[in-house]
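A.B. asks: Fold the stuff below for me.
(one chain, ligands or ions: 1)
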Amino acid sequence: MNSISDNDYLPIPELRKLQLEKLQRLVAYEYERVALFRRRCDEKGVKPRDIASLDDIAKLPFMVKTDLRDEYPLGLTAAPMEEIVRFHCSSGTTGKPICIPNTKGDVEVWAEATARCLAMYGLGKGDVLQVAYGYGLFTGGLGLHYGGEKLGCAVLPTSAGNTEKQLMLMRDLGTTALACTPSYFLHIMEVAKKLGIDFRRDTKLRHGIFGAEPWTDEMRAKIERDSGIVAHDIYGLTEISGPGVAADCGRTNGLHIWEDHYYPEIVDPETLQPLPDGEKGELVFTTLDRFGTPMIRYRTRDLTRLHPEQCPCGRTARVMDRIKARSDDMLIVHGVNLFPSQIETALLGVPEVEPHYQIVLTPTETLDLLEVKVEIRSESFSDNIRELESLKKRVLAAVKTITGLSPKITLVSPGSLPRSEGKIKRVIDNRKK
Ligand code: DLL
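C.D. replies: A predicted model of the protein is given here:
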């Protein structure tokens, strides 16, 4: 059973009808209860009754992350406190935290969405799902936990960290699916190697459920090759619920968005005008079934496109390209746009280095200095200066081909760059200080 919801295959006209009904209900609800939304609608001269078709969504104002920060903690809460069963707050590492109160219904819809992802990957009863996403001030842990239980998996909540213990439990309990960030899985693979654990031989691990940060197709191929598991992609964000908003079915290189719950739009990030399916822009979501803190036209900053064609798997939920970049991750270096994922792609083309890297930007009196620090694979480590120089040149050539930039390449010894148990921080931009 690879599907647990009839809505996966809902004929498109029925899906659009359902979305419109939900949108009309949501806009009326939010207008009545959330002052900021009502004020913005009034400023634009739009009333809930003006939403007569799905295209009318473009009449509504956008929401952005700073709205959540400005209204922190509860200014965007639509439901009365008696209906709230859970708060999901961010850790606020980049400023004031955000806080998303959830109703019981919100938590149930989210669990269903995440369970649909897991079912689509082929998981079900009998699977042991080890959840190594963080559980506190992050939605990854509880999102996968509730989704796994809803589907009937045996859930093993380990949270992030304690890698050797993770591996011990994985073997002892016969974990078949592991959920964590892809960068943490890279670290788990390294520790396993040191301990002499071969995933194929010594574990029952078959599925990796990876998300919460961009990871390239090259990284996915490396993970699958080195571990023998299938690396599934899962996407989501705290403001819209958490993990489980979208996931891949394996038939196309993209992720189905559960659009009966989360209505997607792509807009031009400059003009904010809606773009047709097929065109790349910023992903915007409206939460059709959330009532604690509904989001209407929430700008995610994630850059992608919606596929104009239907997926061969038969599901009618639209597919988006895998998220490789956020508009606010883009670095402008020497006038050139640079995304960290481009460096990852370049490095994965050079077999003697690991995809452990750091991008360091330092202001100088003339041009900013761009440095890429990258770890050499232990098998390729040598103190022969000539060999190292030649490797450096190959890394530089790979980076230059993909980015057009010629950074300073610094080769560092295996294991010397920081590892991550959650989302990895790849960029140190000293220009911002
Ligand atoms: O990262 C929720 C999540 C947890 C998703 C576990 C998947 C797995 P936030 O901390 O609010 O929520 O961060 C959301 O992370 O806007 C994207 O930029 C990025 N992101 C999430 N999933 C993916 C993915 C969680 N599969 C932000 N690929 C989003 C690329 C992702 N980027």
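A.B. asks: didn't residue 209 look like it was pressed against residue 121?
C.D. replies: Yes. Using C-beta atoms under 8 Å, residue 209 is in contact with residue 121, at 7.1 Å. For every residue, glycine as well, the C-beta is placed using N, CA and C.
A.B. asks: Looking at these two now, which is surrounded by more residues?
C.D. replies: In this view residue 209 and residue 121 are compared by other C-beta atoms under 10 Å, and residue 209 has more residues nearby, 30 against 23.
A.B. asks: part of a strand, is that one?
C.D. replies: Yes. Using DSSP: H, G, I helix; E, B strand; the rest coil, the assignment for residue 209 is a strand.
A.B. asks: How about the residues of this protein by the ligand?
C.D. replies: 133, 139-140, 211-214, 233-238, 242-243, 300, 302, 323, 326 (C-beta under 6 Å from any ligand atom).
A.B. asks: In helices, which of the residues you listed fall?
C.D. replies: Mapping those onto helices (DSSP state H) picks out residue 140.
A.B. asks: now, which of the residues of the chain next to the ligand lie within strands?
C.D. replies: Taking DSSP state E, the ones among those that sit in strands are 211, 233, 234, 235, 236, 243, 300, 302, 326.
A.B. asks: Sort out which of those residues are buried, if you could.
C.D. replies: Neighbour-count burial (16 or more other C-beta atoms under 10 Å) is assigned, among those, to 211, 233, 234, 235, 236, 243, 300, 302, 326.
A.B. asks: okay, and the helix or strand of this protein with the least pLDDT?
C.D. replies: strand 325-326 (a mean of 90; mean pLDDT, DSSP states H and E).
A.B. asks: What pairs with it, parallel or antiparallel?
C.D. replies: Sheet pairing of strand 325-326 (DSSP bridges) gives strand 298-304 (antiparallel).
A.B. asks: mean confidence for the strand it pairs with?
C.D. replies: Averaged over strand 298-304, pLDDT sits at 98.
A.B. asks: and residue 240, how many residues sit next to it?
C.D. replies: Neighbours of residue 240 (other C-beta under 10 Å): 24.
A.B. asks: what does residue 73 give?
C.D. replies: There are 15 residues near residue 73, going by other C-beta under 10 Å.
A.B. asks: quick one: contacts for the residue in the stretch 1-150 of the chain that the ligand sits nearest to?
C.D. replies: The ligand sits closest to residue 140 of the stretch 1-150 of the chain, with a gap of 3.4 Å, by C-beta to the nearest ligand atom. Counting by C-beta atoms under 8 Å, 6 or more residues apart in numbering, residue 140 makes contact with 131, 133, 134, 179, 181, 211, 212, 242, 243, 422.
A.B. asks: Same question for residue 286.
C.D. replies: 23, 26, 57, 262, 263, 265, 295, 296, 297, 298.
A.B. asks: Next: residue 312.
C.D. replies: So residue 312 contacts 251, 252 (C-beta under 8 Å, 6+ apart).
A.B. asks: Helix, strand, or coil at it?
C.D. replies: coil.
A.B. asks: Relative to the ligand, how far out is it?
C.D. replies: Separation of residue 312 from the ligand (C-beta to the nearest ligand atom, to the nearest Å): 21 Å.
A.B. asks: Could you point out which residue ranges in this structure have low pLDDT?
C.D. replies: 1, 94, 433 (pLDDT under 70).
A.B. asks: And the helices in it?
C.D. replies: Under DSSP H, the chain gives helices at 12-33, 35-44, 65-70, 104-121, 140-151, 163-173, 182-194, 199-202, 217-227, 340-347, 385-403.
A.B. asks: coming back round to it: quick check: neighbours shared by residue 209 and residue 121?
C.D. replies: Joint contacts of residue 209 and residue 121 (C-beta under 8 Å, 6+ apart) are 177, 232.
A.B. asks: Can you get me a residue count around residue 373?
C.D. replies: Using other C-beta under 10 Å: residue 373 sits among 18 other residues.
A.B. asks: Then residue 276?
C.D. replies: 10.
A.B. asks: Distance check, residue 338 against the ligand.
C.D. replies: 17 Å.
A.B. asks: Sorry, wrong one. I was asking about residue 380.
C.D. replies: From residue 380 across to the ligand, the span is 29 Å (C-beta to the nearest ligand atom).
A.B. asks: who touches the closest residue to that residue other than its chain neighbours in this structure?
C.D. replies: The shortest distance from residue 380 to any non-neighbouring residue, by C-beta to C-beta, 6 or more residues apart in numbering, is to residue 352 (3.8 Å). Residues in contact with residue 352 (C-beta under 8 Å, 6+ apart) are 376, 377, 380, 391, 394.
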